[in-house]
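> Sharing a model that was predicted from the sequence below.
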Amino acid sequence: MGGNELVSFCSIVIVSSPASFQIIKKIQTMPTVIIRHKVGDFDTWIKGRQDRMDLFGPVTNGLQEFQDTNDPNSVVLVANVTDMDKLNEMMQDPNVQKKKDEHTVIDSLIISMPLA
């Protein structure tokens, strides 16, 4: 994985029958993505919660926010991503960068993905 690219994970559901295996459905799994970054001002960042919910809502089915106990300006987002392609597109949108700036997000973002 290089740059800011995120990877999608899929699984195949297989059922057995007396004669053979049948592939009945290919489903997109919802990987949990962890995003860690610093903020310039935690109070400003936390006030942007609704903006984050609106932004990530179309590509996730849940978003949690955490603050490091030893560094109040270090935060973590945990998202259950439903559409990795749209998330990739969204993160390249200049309007997202505007929101990051408004919320005092300090680049670079550290993104963790599940191990395959």
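The structure has been received and is ready for your questions. No experiment lies behind these values; they were computed from the predicted model shown. Residues are numbered from 1 along each chain as shown.
> From now on I want contacts and neighbour counts done on CA atoms only, so please keep to that.
Noted.
> Are we agreed that residue 43 is in a helix?
Yes - assessed by DSSP: H, G, I helix; E, B strand; the rest coil, residue 43 belongs to a helix.
> Compute the number of surrounding residues for it.
Per other C-alpha atoms under 10 Å, the neighbour tally for residue 43 reads 13.
> so how far is residue 62 from it?
Look at residue 43 and residue 62: by C-alpha to C-alpha, to the nearest Å, they are 22 Å apart.
> What of residue 71?
24 Å.
> Specify which residue of those two has the higher count of neighbours.
Shown here are residue 71 and residue 62; by other C-alpha under 10 Å, residue 62 has more neighbours (14 against 9).
> wait, the more buried one sits on residue 82?
No - Residue 62 is beyond contact range of residue 82, at 9.4 Å (criterion: C-alpha atoms under 8 Å).
> need the helices for the protein, in chain order.
Along the chain, the stretches classed as helices by DSSP state H are 42-47, 49-56, 84-92, 94-102.
> Reformat those as a markdown table; add mean pLDDT.
Below are the helices of the chain laid out as a markdown table (pLDDT from 0 to 100):
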| stretch | mean pLDDT |
| --- | --- |
| helix 42-47 | 97 |
| helix 49-56 | 92 |
| helix 84-92 | 89 |
| helix 94-102 | 93 |
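> can you tell which of those is closest to residue 75?
Of all the helices of the chain, it is helix 42-47 that lies closest to residue 75, at 8.6 Å by C-alpha to C-alpha.
> hmm, who's touching that closest one?
Residues outside helix 42-47 that contact it (C-alpha atoms under 8 Å, 6 or more residues apart in numbering) are 39, 72, 73, 103, 104, 105.
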